[in-house]
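Colleague: give me coordinates for this.
(one chain, ligands or ions: 2)
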Amino acid sequence: MRRSPTTLFASKDCVPVTDHALLSTDPQLDALWWRQAVVYQVYPRSFADLNGDGIGDIAGVTSRMDYLAELGVDAVWLSPFYPSALADGGYDVADYRDVAPELGTLADFDAMVAAAKSHGIKVIVDIVPNHTSDLHAWFQEALASERGSAARARYIFRDGTGPDGSEPPSDWISHFGGPAWTRLPDGQWYCHLFAPEQPDLNWDNPEVREDFKTTLRFWADRGVDGYRVDVAHALSKDLSEPLRSKPVLEGADLPLDGTDPLYDRNEVHDIYAEWREVFNEYDPPRTAVAEAYAASERRALYARPTGLGQAFNFDLLQADFTARDYHDVVTFCLNEAEKTGSSSTWVLSNHDVVRHATRYGLPAGVDLDEWLMSDGTAPVLDAEAGLRRARAASLLMLALPGSAYLYQGEELGLHEVSDLPYAALQDPIWLRTGNEKKGRDGCRVPLPWSSEGSSYGFGDGPAHLPQPTAFGATSAQAQDGRPDSTLELYREALRLRRQLQTVEDLAWVDSGHPDVLHFVRPGGWSCVTNFGTEPVALPAGVVRVSSSEQVPGVLPGETTVWLTAWPQD
Ligand code: GLC
Ligand code: CA
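Modeller: Ligands and ions are numbered 1, 2, ... in the order given. Okay, here's the model as predicted:
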């Protein structure tokens, strides 16, 4: 895109400089570090359990910082580690400025940041502004206060409808199933777009706005480099009376003018403009990435330099493993990023979705919720093909300009755990849908660090979600030093990426084959993916890394390779 492939891109020494050339001699001081970063998402409760109580902890993250450094990531993003009753895996925050006691202390957090910094790794924390936990001091105060009180005005309280007020104030529904309203003994209702234990805040309230700025500064002052903003599109709501109807959740049908009553409203950007002022109080300015489910044309609004700076796009995550899908998604997303001067984000897996090794081992278009309900038996998973395609997809993603967000365990090629016993399930989706959907626990099973042991090195005791026996063979220990392992593939890709990545540019090369995608990055680095199952001829160049076993002159099926014009160093 943007420029056709030219000989400019062919030599190592000739690096074209674009408007946002991002070569940095000192990445530590580079305020633009996030533009082409590899960010590794840690789901703290399932990463590493240092004190053996079955729950991952902050000290566990610190203990594995050497591993993350060796993997070669630029930043670590921690999903919520704040005090929480875990009604939604920690996305129900009881105190935004503390660490959950079962995960450690603020001192542990500081030690973790120090360990990260000593390796040059940045730290991103999750900010959950749409809702608090029902155990948050504010909500407890609201419950103990009268209707119409200042305490209730921090949330969205309303009287019900119907002759006796016994009907919800509006038809809004919750993401986890059921109405988005719960009634209190005193007759009033409060709004929760997620679980009842996650009351929505009222962002028209100045006190709410101020308090979140205090939280942003609290973590920035502790050395945090950036924020991932949860449900960033939902904060501003049209709360004028009568409440407007919204009987369906957001999706592709959101209006493009920012006037939906609940999602992606224009006013939400006023909040992020205020946050940007806070980010800019720091040197280097703090950075943020929005989790915003908006029409793709409006995602760029969140990613503006005057806003959060970057927005997740989940287009790659939703793409089928085909050359056409990947080509279209990459082209579209790079163009979108260019509109605002931001850089694109890329995601294949996270804590909310079925792992990509598994998705790609199932027929395209399969209903993943139904598949999980069959305990992963129908349709049958082709685990080997899934992993092969996932490795090819990841290697392609890591060659793209922009930031790649990795989810813990994908570097081990982990599959979704599809047969967790019902009794073990923790996701509110399981209960709230009346046991119709299992939810997201299958991608949140604690990591296997070693081939043996009660929880495969996760901790000394059993893990809080049961790990399958197959985890032993896929542990970090089992893969360490094995050249064909997924762990070594990621390590090599991340090492080379640092070396090869220069400016944010990409040019498509006509591969002459409908199943083959070929693009070049400035400096003569190219990436070729064969999405088909039949081998094709390998384009000219020196293979630097390959997602499957190398065959001279041949690009095997379902394989990505990186090529350079010069030999290996
Ligand atoms: C985001 C999180 C998800 C959580 C929800 C509510 O989508 O990624 O895990 O359940 O927000 O906070
Ligand atoms: Ca622990």
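
Colleague: contact partners for residue 242?
Modeller: Residue 242 makes no contacts at all, as judged by C-beta atoms under 8 Å, 6 or more residues apart in numbering. To be clear about C-beta, it is placed using only N, CA and C from the backbone, and glycine gets the same treatment.

Colleague: switch the cut-off to 10 Å
Modeller: By C-beta atoms under 10 Å, 6 or more residues apart in numbering, residue 242 lies in contact with 161, 169, 170.

Colleague: go back to the residues you listed and keep what's next to ligand 2.
Modeller: By C-beta under 5 Å from the ion, no member of the contacts of residue 242 lies near ligand 2.

Colleague: for the residues you listed, give me JSON lines that also has secondary structure.
Modeller: Output for the contacts of residue 242, formatted as JSON lines (DSSP: H, G, I helix; E, B strand; the rest coil):
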{"residue": "161", "secondary structure": "strand"}
{"residue": "169", "secondary structure": "coil"}
{"residue": "170", "secondary structure": "coil"}
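
Colleague: hmm, what's the outermost residue in this protein?
Modeller: residue 163 (44.8 Å; C-alpha atoms, centre = their mean).

Colleague: name the residues of the stretch 251-400 of the chain found near ligand 1, please.
Modeller: 291, 351, 352 (C-beta under 6 Å from any ligand atom).

Colleague: can you tell me how far the last one is from residue 441?
Modeller: When C-beta to C-beta, to the nearest Å is the yardstick, residue 352 and residue 441 sit 11 Å from each other.

Colleague: okay, those two: which has more neighbours?
Modeller: Shown here are residue 352 and residue 441; by other C-beta atoms under 10 Å, residue 441 has more neighbours (22 against 16).

Colleague: any figure for the gap between the residue nearest the centre of the chain and ligand 2?
Modeller: With distances taken as C-alpha atoms, centre = their mean, residue 350 lies nearest the centre of the chain, 4.8 Å away. From residue 350 over to ligand 2 the distance is 22 Å, taken as C-beta to the ion, to the nearest Å.

Colleague: quick one, grab the pLDDT at that residue.
Modeller: Per-residue pLDDT puts residue 350 at 98.

Colleague: overlap in contacts of residue 352 and residue 441?
Modeller: With C-beta under 10 Å, 6+ apart as the test, residue 352 and residue 441 both reach 89, 427.

Colleague: check contacts around the single nearest residue of the chain relative to ligand 1.
Modeller: Nearest residue of the chain to ligand 1 (C-beta to the nearest ligand atom) works out as residue 91 at 3.4 Å. Residue 91 makes contact with 79-80, 82, 84, 126, 128, 130-131, 133, 194-195, 198, 230-231, 351-352, 428 under the criterion C-beta under 10 Å, 6+ apart.

Colleague: could you confirm residue 61 falls within a strand?
Modeller: No. In this structure, residue 61 is helix, not part of a strand, as judged by three-state DSSP.

Colleague: okay, now it: neighbour count?
Modeller: Neighbours of residue 61 (other C-beta under 10 Å): 27.

Colleague: then the one 10 residues further on?
Modeller: Burial of residue 71 is recorded as 19 neighbouring residues (other C-beta under 10 Å).

Colleague: helix or strand: which one has the residue of the chain closest to ligand 1?
Modeller: Using DSSP states H and E, residue 91 maps to neither a helix nor a strand.

Colleague: ramachandran angles for it?
Modeller: phi -80, psi 20 (degrees, to the nearest 10).

Colleague: please apply the same query to residue 511.
Modeller: phi -80, psi -10.

Colleague: partners of the nearest residue to it once chain neighbours are set aside in the sheet?
Modeller: Of all residues not flanking residue 511 in the chain, residue 518 sits nearest, at 4.3 Å (C-beta to C-beta, 6 or more residues apart in numbering). Beta-bridge partners recorded for residue 518 (DSSP bridges): residue 509, residue 528.

Colleague: contacts only, for residue 518.
Modeller: 5, 323, 507-512, 526-530, 539, 555, 563.

Colleague: what's the helix or strand hosting residue 213 packed up against?
Modeller: Secondary structure from DSSP H and E places residue 213 in helix 206-221. Using 3 or more C-beta pairs under 10 Å, 6 or more residues apart in numbering; DSSP states H and E as the contact test, the elements touching helix 206-221 are helix 106-118, strand 122-127, helix 137-144, strand 226-229, helix 268-279.

Colleague: chain center to it, what's the gap?
Modeller: Taking C-alpha atoms, centre = their mean, to the nearest Å, one finds the center of helix 206-221 at 23 Å from the center of the full chain.

Colleague: ditto for stretch 193-212
Modeller: For stretch 193-212, the gap between its own C-alpha mean and the chain's C-alpha mean amounts to 22 Å (C-alpha atoms, centre = their mean).

Colleague: and if you look at stretch 398-418?
Modeller: On C-alpha atoms, centre = their mean, the centre of stretch 398-418 falls 10 Å from that of its chain.

Colleague: swap in stretch 144-163?
Modeller: How far stretch 144-163 lies from its chain's middle: 34 Å, per C-alpha atoms, centre = their mean.

Colleague: show the average pLDDT along that stretch.
Modeller: Here the average pLDDT along stretch 144-163 is 97.

Colleague: can you check stretch 365-374 too?
Modeller: 97.

Colleague: how about stretch 459-479?
Modeller: On average, stretch 459-479 scores 97.

Colleague: what's the end-to-end length of that stretch?
Modeller: End-to-end distance for stretch 459-479, by C-alpha to C-alpha, to the nearest Å: 19 Å.

Colleague: do it and ligand 2 meet?
Modeller: No. Figure legend: stretch 459-479 not in contact with ligand 2 (C-beta under 5 Å from the ion); closest approach 6.2 Å.

Colleague: where does this protein dip in pLDDT?
Modeller: 1-29, 251-252, 568-569 (pLDDT under 70).

Colleague: enumerate the residues of it near ligand 2.
Modeller: So the chain meets ligand 2 at 49, 51, 53, 55, 57 (C-beta under 5 Å from the ion).

Colleague: now do the residue in the stretch 201-350 of the chain that ligand 2 sits nearest to: how many residues are near it, please.
Modeller: Per C-beta to the ion, residue 222 is where the stretch 201-350 of the chain lies closest to ligand 2, at 21.1 Å. A total of 14 residues lie near residue 222 under the criterion other C-beta under 10 Å.
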